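Participant: The amino acid sequence is not available; the structure is as follows:
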Ligand SMILES: Nc1nc2c(ncn2[C@@H]2O[C@H](COP(=O)(O)OP(=O)(O)OP(=O)(O)O)[C@@H](O)[C@H]2O)c(=O)[nH]1
Ligand SMILES: [Mg+2]
């Protein structure tokens with residue numbers, strides 16, 4: 001009998017170490033269908049939301065990428081539309097060489113309905129092009145609700161020829177939830193097969209399923225990405241920061257010399273605005289995240305004295321959110337822009353403006369043409 005892999009996470013099945021992925025006791029093994037066995041770690045993540053303590057290492061991840069790179073495969077690159085920087089893993093570039101990718105922006109359900117999909121796709125394509133990718137086709141989907149899956153499958157079938165298909169991307173972008181939707185919608189699986197969890201590092205190995213033409217579609221592990229500032233937060237903080245449902249925008253009328261704090265995770269200072277006095281700022285952040293307004297002149301002192309109490313999350317110094325850096329945005333036309341805090345949210349403001357953004361150095365901060 002060949003080696004067996006867990007259907008939920010792709011780990012090699014083993015009977016020796018309970019603390020590692022792939023563990024199945026000899027007794028359970030004897031009474032299970034060996035082709036559909038789930039390991040103890042998957043069982044616990046699925047039924048008891050157990051904390052993930054073991055994920056693929058960078059080296060293991062590189063090995064998997066190198067294996068895929070040997071094949072002429074269709075690469076479907078998944079990004080979390082809320083977290084472009086956190087979604088970008090340089091190693092994935094090795095996969096494509098000069099080949100092209102299908103770009104899938106997942107979690108569109110988190111954005112308000114009046115978002116213009118083509119604007120967000122254009123932005124994502126530009127960002128990927130800057131990283132050296134050529135995007136064949138692109139689409140926004142929601143793996144949570146199944147939006148646009150028929151179009152996604154059409155794109156995959158249009159480009160795959162007789163190649164295998166790999167869903168790749170950073171931790172937590174939703175690769176496993178996407179493959180579950182594909183399995184249920186197009187391959188007749190009655191339930192979610194692959195293990196999904198809100199914690200990064202769930203999938204351990206390649207998990208392949210045959211498509212109708214006999215080629216394979218694979219879920220792949222992500223790799224822990226230190227550009228996800230959520231990497232530094234504990235679970236309670238993480239839950240308040242990462243949006244779970246559609247974001248409701250908030251409108252702030254700010255004056256020059258005012259500052260907004262996003263918990264204790266980032267801040268924006270209005271240096272000057274459109275008309276020189278009032279500036280309308282619309283914020284799109286998890287509605288559980290506390291936004292606090294203050295005078296810029298008092299902002300440093302407030303941060304010193306009220307981080308972990310008024311300005312939360314983080315809730316304590318153990319949540320070692322990396323050092324802040326300052327980004328200046330001075331835009332002089334009169335169009336609307338989004339200032340994006342990757343993984344946290346964004347805010348919309350009409351130019352001309354001059355603002356300073358303070359955010360941990362791992363958080364990508366960008367200005368893009370407004371998507372709403
Ligand atoms: N709101 C929303 N959440 C999603 C969507 N897709 C995935 N998620 C959530 O994102 C988290 C990560 O999903 P997974 O499918 O486990 O992500 P992954 O890319 O397989 O992650 P790893 O296996 O750790 O690399 C889970 O909490 C999912 O429920 C989506 O379309 N919308
Ligand atoms: Mg996964």
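Facilitator: Cool, got the structure. Being a predicted model, the structure only gives us computed values, none of them experimental. Numbering: from 1, shown residues only. Ligands and ions are numbered 1, 2, ... in the order given.
Participant: Tell me, domain by domain, which residues of the protein belong where.
Facilitator: 55-225, 239-369 (automatic domain parsing).
Participant: which SS class is residue 136?
Facilitator: Counting by DSSP: H, G, I helix; E, B strand; the rest coil, the backbone at residue 136 sits in strand.
Participant: can you pull the contacts of it?
Facilitator: Applying CB atoms under 8 Å, 6 or more residues apart in numbering to residue 136 gives the contacts 100, 101, 102, 159. C-beta here means a position set from N, CA and C on the backbone, and glycine is covered the same way.
Participant: Out of those, which are close to ligand 1?
Facilitator: Of the residues in those, proximity to ligand 1 by CB under 6 Å from any ligand atom holds for none.
Participant: Narrow those to those that are buried.
Facilitator: Applying 16 or more other CB atoms under 10 Å to those, the neighbour count classes 101, 102, 159 as buried.
Participant: that older thread, and ligand 2, which of the domains of the chain is closest to it?
Facilitator: Go through these one by one with CB to the ion and the one that ends up closest to ligand 2 is domain 55-225, at 3.2 Å.
Participant: which one is residue 203 nearest to, not counting chain neighbours?
Facilitator: Spatial nearest neighbour of residue 203, excluding adjacent residues (CB to CB, 6 or more residues apart in numbering): residue 221 at 4.4 Å.
Participant: Isn't that neighbour up against residue 207?
Facilitator: No - look at residue 221 against residue 207 with CB atoms under 8 Å: they stay out of range, at 9.2 Å.
Participant: shared neighbours of those two, anything?
Facilitator: Contact with both residue 221 and residue 207 is made by residues residue 10, according to CB under 8 Å, 6+ apart.
Participant: ok, back up a step: dump the domains of the chain to JSON lines, plus mean pLDDT.
Facilitator: Below are the domains of the chain laid out as JSON lines (pLDDT from 0 to 100):
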{"stretch": "domain 55-225", "mean pLDDT": "90"}
{"stretch": "domain 239-369", "mean pLDDT": "92"}
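Participant: Show me which parts of stretch 242-256 are buried, residue by residue.
Facilitator: Of the residues in stretch 242-256, those buried under the neighbour-count criterion (16+ other CB under 10 Å) are 242, 243, 247, 249, 252, 254, 256.
Participant: same question, stretch 230-240
Facilitator: 230, 231, 232, 233, 237, 238, 240.
Participant: and stretch 120-127, how far out from the chain's middle?
Facilitator: In this view, stretch 120-127 has its centroid 15 Å away from the chain centroid, taken as CA atoms, centre = their mean, to the nearest Å.
Participant: contact partners of that stretch?
Facilitator: Under the criterion CB under 8 Å, 6+ apart, residues 79, 81, 84, 88, 103, 105, 111, 135, 138-140, 368-369, 371 lie in contact with stretch 120-127.
Participant: By neighbour count, which of these wins?
Facilitator: With neighbours defined as other CB atoms under 10 Å, the most crowded of these is residue 105; it has 27 neighbours.
Participant: can you give me the helices in the stretch 251-372 of the chain?
Facilitator: Counting by DSSP state H, counting those that start in this stretch, the stretch 251-372 of the chain has helices at residues 296-306.
Participant: wait, doesn't residue 299 sit right on residue 266?
Facilitator: No - in terms of CB under 8 Å, residue 299 does not count as a neighbour of residue 266; the distance is 11.9 Å.
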